[in-house]
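K.L.:
Mind folding the following:
(chains A, B, C, D, E, F and G)
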Amino acid sequence: MFKKFRPLYDRVLVERIENSDEKTAGGIIIPDAAKEKAQVGRVVAVGSGRVTPEGNTIACQVKEGDKVFFGKYAGTEAGDNLLVIREDEILGIIEN
Amino acid sequence: MFKKFRPLYDRVLVERIENSDEKTAGGIIIPDAAKEKAQVGRVVAVGSGRVTPEGNTIACQVKEGDKVFFGKYAGTEAGDNLLVIREDEILGIIEN
Amino acid sequence: MFKKFRPLYDRVLVERIENSDEKTAGGIIIPDAAKEKAQVGRVVAVGSGRVTPEGNTIACQVKEGDKVFFGKYAGTEAGDNLLVIREDEILGIIEN
Amino acid sequence: MFKKFRPLYDRVLVERIENSDEKTAGGIIIPDAAKEKAQVGRVVAVGSGRVTPEGNTIACQVKEGDKVFFGKYAGTEAGDNLLVIREDEILGIIEN
Amino acid sequence: MFKKFRPLYDRVLVERIENSDEKTAGGIIIPDAAKEKAQVGRVVAVGSGRVTPEGNTIACQVKEGDKVFFGKYAGTEAGDNLLVIREDEILGIIEN
Amino acid sequence: MFKKFRPLYDRVLVERIENSDEKTAGGIIIPDAAKEKAQVGRVVAVGSGRVTPEGNTIACQVKEGDKVFFGKYAGTEAGDNLLVIREDEILGIIEN
Amino acid sequence: MFKKFRPLYDRVLVERIENSDEKTAGGIIIPDAAKEKAQVGRVVAVGSGRVTPEGNTIACQVKEGDKVFFGKYAGTEAGDNLLVIREDEILGIIEN
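P.N.:
So this is what the prediction gives:
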């Protein structure tokens, strides 16, 4: 649906990779596990970068095809396992 | 009603495109679906851009006619399926 | 009462125009209509503009007589359908 | 009590003018009247102005004797109908 | 106990002056009196001032011996009616 | 799983070192122990550093192999006792 | 345990000095005593200082051995009466 999607500024379109080893059943909040779990996806499209207060553009560091790691609740759902997130919400790149 | 509407600064007037494939019935909050869903619209009018602390204007990157993607709860309702949103709330442009 | 009112900095005095087509009865919050509705008013007076961190004044873009559009809960009530709002809370100008 | 009070930085000492036409009885919160009501006072003393990050002082725009308009819950009570508020909380000046 | 106390940066050590005319009994919150009440104290020691992002120090404007006015819940209790507060929490100086 | 993980900007990948002396049983909140407890880990990978508003990169101060100390609820879980945290959430380096 | 601990940036390692004159029993919140109580400690180690947006380092003003005063709930517990706090959370230095 949004394959031809051009993210604005520092936003990135990511296709989520299903995480088969997710074992958490139920939804009880346990104090020691209060930290957000992360997820994995593939970068599909990258914005042109954020604009500084002076009007200069700073390009994103992730690029199309990068396998990235991000917080479970980061970004906005775009359907078909797609997600639009700010680059700053991406925790890092997984290199195989 | 607001066809001849001139948005201020970095605001954008968007006409929402009805999303026929919206299947969510009821309103129960499910932990794994806690992320906001996005919606699609057509840009009707664009502000002159935000003003930097130094007083310079940085033009918006979206333009009239762009098909844009934005968070479901972004912006302020302007009636007749119209919506005024900040350009920063627009996630990206859909190119067909 | 406040006709001879001089707003400070980036504030604007607006006279609300009654919105006869407002049909929402009751006050139940419906998830899909959670967005704030906007309202219309006429600019009565405009402040001299905001002062930058360097001490320069950046004039407002709205001017006396402009028909403006703003969020329903924006600003501070000043009696007699008058409202004092920051220019940044004005969504745009309606040109007839 | 605080007649000889020198406000610091961008603070202003205001003497409230009793608002005889305040008709709101009871305290029920009505959605359409959720906006804060403003009040009127007379400026008694003005601070030297805020200091910019670079260390320069930007003088206040209100002056002693100005009749000002401010949000009902703005500032800190100083007794005897006196109030200390930041200049930025003053909405504007009422000129008679 | 902390007479020989050197506050850091923009902090100030204040000795509270008991306010004998405080008449508020009970603790019921009344909408029209929702504003914080202020209190009076004597400056005992002053920090060297805040450091700007460029590394310059901007001296405090209050000085030892000043009778100052501050919000009732401002600062951190230091025992013996002493209080450490940021200079920005001081509303002004009372000159007799 | 994420051994070949390249953190973005000022993020750091940390492998948690089990803290055997953790004695807190139950989850009752006791006022005097309201402070967050810290934990220990080993730095596995470090981002290239944060980018300033002017577009310059400021390298991180921690390096691979550093034994670091961080707040118990800092960062995002990355599985296998791994954690991605911002360098600013690292409290310090433990030198043996 | 963390004697050889090197705090990062503007963080400081403090060893708490037991405050024998703490008389508050029970945990009832009394409106007039709502202010946080402070505590005393000895500086054990100091970070190299915060880094400005331009990349310069601004050294801390506290130094090893200083007896400092800080808010009761400031910082992160590091065991053995040790605490890691940001220098900005230190209220001042106690000179005997």
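K.L.:
What is the burial count for residue A:61?
P.N.:
Residue A:61 has 18 neighbouring residues, counting by other Cβ atoms under 10 Å in any protein chain shown. Bear in mind the C-beta positions are built from the backbone N, C-alpha and C, glycine included.
K.L.:
What sits closest to it if chain neighbours are left out?
P.N.:
The shortest distance from residue A:61 to any non-neighbouring residue, by Cβ to Cβ, 6 or more residues apart in numbering or on different chains, is to residue F:8 (6.1 Å).
K.L.:
so what's the backbone phi/psi at the one you found?
P.N.:
phi -90, psi 140 (degrees, to the nearest 10).
K.L.:
give the contact list for the residue of chain A found nearest chain E.
P.N.:
Taking Cβ to the nearest Cβ, chain E has its nearest neighbour within chain A at residue A:53, 13.8 Å off. Contact analysis of residue A:53 by Cβ atoms under 8 Å, 6 or more residues apart in numbering or on different chains lists B:52-54, F:53.
K.L.:
One more pass at 10 Å, please.
P.N.:
For residue A:53, the contact set (Cβ atoms under 10 Å, 6 or more residues apart in numbering or on different chains) comprises B:50, B:52-54, B:56, B:58, F:53-54.
K.L.:
what does residue A:68 give?
P.N.:
A:12, A:14, A:17, A:38-43, A:62, A:85, A:87, A:89-94, F:6, F:8.
K.L.:
Quick one: buried ones out of these?
P.N.:
A:12, A:14, A:38-43, A:62, A:85, A:87, A:89-94, F:6, F:8 (16 or more other Cβ atoms under 10 Å in any protein chain shown).
K.L.:
So the worst-scoring helix or strand of chain A on mean pLDDT, near chain B or not?
P.N.:
Least confident helix or strand, chain A: strand A:76-79 with a mean of 89, by mean pLDDT, DSSP states H and E. Yes. Shown here: strand A:76-79 in contact with chain B (Cβ under 10 Å from any Cβ of the partner chain) through A:76-79.
K.L.:
Can you flag the buried ones in those residues?
P.N.:
Buried residues within the residues of strand A:76-79 next to chain B, counting neighbours by 16+ other Cβ under 10 Å: A:76-78.
K.L.:
Just put the residues you listed in CSV and tack on distance to residue C:69.
P.N.:
Formatted as CSV, these follow (distance: Cβ to Cβ, whole Å):
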residue, distance to residue C:69
A:76, 26
A:77, 30
A:78, 29
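K.L.:
The residues you listed also near chain G: which ones?
P.N.:
Counting by Cβ under 10 Å from any Cβ, no member of these reaches chain G.
K.L.:
For the residue nearest to residue A:61, list the residues it contacts.
P.N.:
Residues in contact with residue F:8 (Cβ under 10 Å, 6+ apart) are A:60-62, A:66, A:68-70, A:87-93, F:47-48, F:50, F:84.
K.L.:
how near is it to chain D?
P.N.:
29 Å (Cβ to the nearest Cβ, to the nearest Å).
K.L.:
Go ahead and confirm residue A:87 touches residue A:45.
P.N.:
No. Counting by Cβ atoms under 10 Å, residue A:87 does not reach residue A:45; the two are 11.9 Å apart.
K.L.:
so what sits against both of these two?
P.N.:
A:7, A:11-12.
K.L.:
possible to save the residues you listed as CSV with secondary structure and pLDDT?
P.N.:
Shown next, in CSV, are the shared contacts of residue A:87 and residue A:45 (DSSP: H, G, I helix; E, B strand; the rest coil; pLDDT from 0 to 100):
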residue, secondary structure, pLDDT
A:7, strand, 97
A:11, strand, 98
A:12, strand, 98
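K.L.:
can I get those residues in CSV with distance to chain F?
P.N.:
Formatted as CSV, the shared contacts of residue A:87 and residue A:45 follow (distance: Cβ to the nearest Cβ, whole Å):
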residue, distance to chain F
A:7, 16
A:11, 15
A:12, 11
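K.L.:
From the contact counts, what lies against the strand or helix carrying residue A:38?
P.N.:
Residue A:38 is part of strand A:38-46, with elements assigned from DSSP states H and E. Contacting strand A:38-46 under the criterion 3 or more Cβ pairs under 10 Å, 6 or more residues apart in numbering or on different chains; DSSP states H and E are the following elements: strand A:5-7, strand A:11-16, strand A:67-71, strand A:82-86, strand A:90-94, strand F:76-79, strand F:82-86.
K.L.:
how does it look with 8 Å?
P.N.:
Under the contact definition 3 or more Cβ pairs under 8 Å, 6 or more residues apart in numbering or on different chains; DSSP states H and E, strand A:38-46 sits against strand A:5-7, strand A:11-16, strand A:67-71, strand F:76-79.
K.L.:
thinking residue A:14 is in contact with residue A:42, fair?
P.N.:
Yes. Between residue A:14 and residue A:42 there is a contact at 6.8 Å, judged by Cβ atoms under 8 Å.
K.L.:
which residues does the nearest residue to residue A:38 once chain neighbours are set aside bridge with?
P.N.:
Nearest non-adjacent residue to residue A:38, counting by Cβ to Cβ, 6+ apart: residue F:76, 4.8 Å away. In this structure, residue F:76 bridges to residue F:84 when assessed by DSSP bridges.
K.L.:
That concludes my questions; thank you for your assistance.
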